[in-house]
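K.L.:
I would like to see how this sequence folds:
(3 chains)
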Amino acid sequence: MANGVEEVSILWISEGMSCDGDTVSMTAASQPSIEEVVLGLVPGIPKVRLYNKVLAYETGEDYLQVFRKAANDEIGPFVLVIEGSIPNEKINGDGYWTSFGNDPETGQPITLNEWIDVLAPKAWAVVAAGTCAAYGGIHAMAGNPTGCMGLADYLGWDFRSRAGIPIVNVPGCPIQPDNFMETLLWLLYQAAGRNPMIPLDDQLRPTWLFGKTVHEGCDRAGYYEQSDFAEDYNSPKCQVKIGCWGPVVNCNVPKRGWMSGIGGCPNVGGICIACTMPGFPDRFMPFMDQPPGAMFSAALGKPYGVLVRALRGLTNRTANKEPKWHHNRDALTSGYDPYAH
Amino acid sequence: MAMASSAGPGELVEMSWDPVTRIVGNLGIHTKIDFANRRVVECKATSSVFRGYSVFMRGKDPRDAHFITSRICGICGDNHATCSVYAQNMAYGIKTPVMAEWIYNLGEAAEYMFDHSLFQDNLVFVDFCERMVRETNPSLWAKAEKTEAKHADIHGFRTIADIMRAFNPFTGEYYKAALEMSRLTREMFCLMEGRHVHPSTLYPGGVGTVATPQVFTDYLSRLLRFADFAKKAIPLNDDVFDFFYEAMPGYEEVGRRRILLGCWGAFQDPEVVDYRYETMSEWGRRMFVTPGIVVDGELVTTDLVEINLGMRILLGNSYYDDWQNGQVFVSHDPLGNPVDPRHPWNQTTIPKPQRRDLEKGPYSWVMSPRWYDERTGEYLALDTGGGPLARLWVTALANLVDTPFVKATGKSVRICLPKTATLPEMEFEWKVPPWSNTIERDRARAYFIGYATAMAFYFVERAMDCIRRGDVRTFQDFEVPDEAIGVGFHEAVRGVLSHHLVIQKGRIANYHPYPPTPWNASPRDVFGTPGPYEDAVQGLPLFEENGPENFKGIDIMRTVRSFDPCLPCGVHMFLGNGKTLRRTHSPLLGQVGEGA
Amino acid sequence: MRKKTFFNLRVGRPHTSPTKPSHVPGVPMGNDPGRYPRTAGMRRTGDGRLLVNARRSTGINARRRNPIDPNSPHLSPP
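P.N.:
From the prediction side, this is the model:
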């Protein structure tokens, strides 16, 4: 393996147009937890220094020092994590949509975009945490005034970091906690020289997390196969007819739950609104409307579903009966025969 | 105590903290400090993020509103989703089924348990940890080492210094335990609302969560473990805060402001609520956290209709165009009362980004919500005290909440938590304090964690009653009307939350959410009324022992954080008139300015 | 791209409109009151109560998955 680094800083900027939900979600992770990584409890990765403003000890300029030093290439390898939609600062004249700290000369705010311009080319890797940073997300919906977008739209989809790594997108609104920590862990092993290039699909998502659809991982899919659908939200059955986009969405939340196997989305009664997808939210609104394909595939499957339920009913009845030889009579009828062969 | 060596009398030193850390969202604090007299004289806070929810929600399907507005906040998004559902229920003319209403209450209770614990123990208490206290008040640290903690027998820490050591970030025992509790409470939340922070199972008209014995016993098992932690947290918090008052006399003045508190109520009673505007005054008073407004210590109303009609949005120093000649969407409420053009129903948001001017303004993305008091004609700059302070204060004075677990008395709130693994049944009493200040805002947070925990026990029992009856209905169907209005009142973790909705032609014509932070951190408005931060920070006495060279501004930071600022809505404030200003070397800005 | 200024913002020819992602009349909706009678295993009474049985959770021999004691509530799995 190529030689790796001993120490890595994580510079986390949540000053995109953000709700900070991905940072909060990161603190929910337990596989591994952020404190396990920061305290060096996971073997085989470099020493990690985390700079995230929600958890930081320092305030103000003390906190900003590491970012200013990184801009001058003074801190060694760092992973740049961006959270929040990237605004379009070309459309607002003298104004600004977001900022992170101030210019020491002019006192004016430094926009997030200026930070990205300076830090991304120097970063060992660049990660977009959450759908907003990955693809624009909620704030980019039709009619929005800020013209915002995802990081790859801003830096270019061909962007490569200093280590030759593409932008790593971890979508989700917010990120599923362990999805993010696992991705970070892969990158840390890669920084240590122990992992190859992180496998990313054509939307720059880790393949082992986003390589299958919600429907393929949902425990309500059995109802779909049996053509047994929920017609309203009182039902524990498959929700494709009442708004769930699961069959066409890349996400693993129904499969792994939200935290420690608890919760999720369609698996617990919440229609999938496709919050990990580049097309979110516009292509999926109004969320409670039936998705176009559902009517077609539900109708197509109906004859099969009705038949297979009937057949399974028969077999289930037989399976629910104990065999005849389980009884309390005074003779053994189990077919016992010492000479049988 | 170290003093600013070269600052003469009446000379001010400029100090800035931008970004403020250990909060949610983007906030910068710019102050002018009189070191000779150890006081903050002037302060401006700015927030520099605009996203535009009230703009891009126009024209969309109203049923999407709670999914979208949840994304306003990444720690309390579910509060927004819940409030939006309340507003939609009113607009569609429906009510949530009883079982679903208990599920909402259980989810929101878990949110309060989670968020208040995380914010207090992992964000606020870093300002009270060993490392910070050593760096800002070494003599206080010396006292802490010698002071026994009054409730050591409950929480297990022998001295105040032991507690402060346990607050150290990432290494402190209490800090780490709190992070684990924050995951346990979020699991409880996920059981009810699917996922955190943006719920998946909430819909207007109810929830998609399947009500079975399993989901409630899963919740209850975790609640028992959390309740054990909460019973230790309250006395531990009391020990630390009482120590601050004793060891630093005069600390009551830090962050103190006029008592002007607003609470919009939380936890509906499904036996009473029907979401109709016409009956809102009655079902509002039956919420398990009572809505109301306290002015100078007196409870002036508990009526949500009166609260609604008094809301005004004023522009002060913000990057917006005014809407005085814009469309009036709602001229009268459903009871026939006239609605002001400056009411959220009639507001139009027109963003106008421009260069920031800290001296003359405009310099921020926030407006100034105020409450118009008809008795006096004043536009009151209400605050929430960070959330818990206002909730407890109003509930105590209103004397309406009466359950086996939480009971108001007229001057206090009694909170009863049942037997848990390491502690017997315990009763706590939060008494109305003499001041609305930094320490009391923080203290109230610990008590409200107990309140939410106690109410969760009540809600689980009520939910199990539904199960026992076989009542598992969780959703009420509806049609979206072509023309309708709705309003939702709720308590976000940090305080008052309202969503005002106008539907025209079956689509959202107007939508204005007002979370707690615009109230708390609103700027000086057009009438010159200062905002709550102004009152709290202006004249703040400094107890920190550092001079300007290595000044951390810890008393200012404790005050700002006591309001639990959550800035995805934006904040800004301006206060005071400056005295002679002397720009001096400010280590925080890393530059040398001109001399006197 | 044709550009103009609209309240301080430079605006070009739009790719979409604010009402694009809204409801198209005729598309079935999950909240539609008409859906109720069709849900298997759930029945609405005149006074607004919802009666459920095992068919709500399973399509396989649902009748046999109901409680045998009439005093037990109907509680089917999630």
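
K.L.:
List the residues that contact residue B:426.
P.N.:
B:231, B:416-417 (Cβ atoms under 8 Å, 6 or more residues apart in numbering or on different chains). For glycine as for every other residue, the C-beta is placed from the backbone atoms N, C-alpha and C.

K.L.:
again, only using 7 Å
P.N.:
B:231, B:417 (Cβ atoms under 7 Å, 6 or more residues apart in numbering or on different chains).

K.L.:
Please tell me how far it sits from chain A.
P.N.:
Separation of residue B:426 from chain A (Cβ to the nearest Cβ, to the nearest Å) stands at 28 Å.

K.L.:
What values do phi and psi take at residue B:267?
P.N.:
With angles defined as degrees, to the nearest 10, residue B:267 sits at phi 70, psi 90.

K.L.:
burial count for the nearest residue in space to it that is not next to it in sequence?
P.N.:
Spatially, and ignoring its direct neighbours in sequence, residue B:267 is nearest to residue B:288 (3.6 Å; Cβ to Cβ, 6 or more residues apart in numbering or on different chains). Using other Cβ atoms under 10 Å in any protein chain shown, residue B:288 has 23 neighbouring residues.

K.L.:
Can you name the residue of the stretch 101-250 of chain B nearest chain C?
P.N.:
Here the stretch 101-250 of chain B gets closest to chain C at one residue, residue B:210, 3.7 Å apart by Cβ to the nearest Cβ.

K.L.:
what's near enough to touch that residue?
P.N.:
A:236, A:269, C:78.

K.L.:
can we see that at 10 Å?
P.N.:
Taking Cβ atoms under 10 Å, 6 or more residues apart in numbering or on different chains, we find residue B:210 in contact with A:233-237, A:268-269, B:201, B:472, B:474, C:56-57, C:76-78.

K.L.:
hang on, the earlier thing: let's see the pLDDT reported for the residue nearest to residue B:267.
P.N.:
The per-residue pLDDT reported for residue B:288 equals 98.

K.L.:
residues contacting it?
P.N.:
With Cβ under 10 Å, 6+ apart, residue B:288 has these contacts: B:105, B:109, B:265-269, B:395, B:400-403, B:405-406, B:451-452, B:455, B:458-459.

K.L.:
again with residue A:116
P.N.:
Residue A:116 makes contact with A:13, A:16, A:80, A:82, A:86, A:100, A:123, A:126, A:151, A:154-155 under the criterion Cβ under 10 Å, 6+ apart.

K.L.:
ditto for residue A:165
P.N.:
Listed by Cβ under 10 Å, 6+ apart, the contact partners of residue A:165 are A:79, A:123-127, A:159, A:187, A:190-191, A:197-198, A:200.

K.L.:
Quick check: the two most widely separated of the residues you listed?
P.N.:
Pairwise distances among these were taken by Cβ to Cβ; the largest, 18.3 Å, belongs to A:159 and A:191.

K.L.:
Please identify which helix or strand holds the residue of the stretch 101-250 of chain B closest to chain C.
P.N.:
In the assignment (DSSP states H and E), residue B:210 maps to no helix and no strand.

K.L.:
Let me see the domain layout of chain A.
P.N.:
Chain A breaks down by automatic domain parsing into domains covering A:7-210, A:212-313.

K.L.:
Columns mean pLDDT and distance to residue B:464 on top of those, output as CSV?
P.N.:
Output for these, formatted as CSV (pLDDT from 0 to 100; distance: least, Cβ to Cβ, whole Å):
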stretch, mean pLDDT, distance to residue B:464
domain A:7-210, 95, 27
domain A:212-313, 95, 19
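
K.L.:
re the thing from before, between residue A:159 and residue A:191, who's got more neighbours?
P.N.:
Remark: of residue A:159 and residue A:191, residue A:191 carries more neighbours, 23 against 16, as counted by other Cβ under 10 Å.

K.L.:
I figured that one was touching residue A:124, is that so?
P.N.:
Yes: taking Cβ atoms under 10 Å as the definition, residue A:191 is a contact partner of residue A:124 at 6.4 Å.
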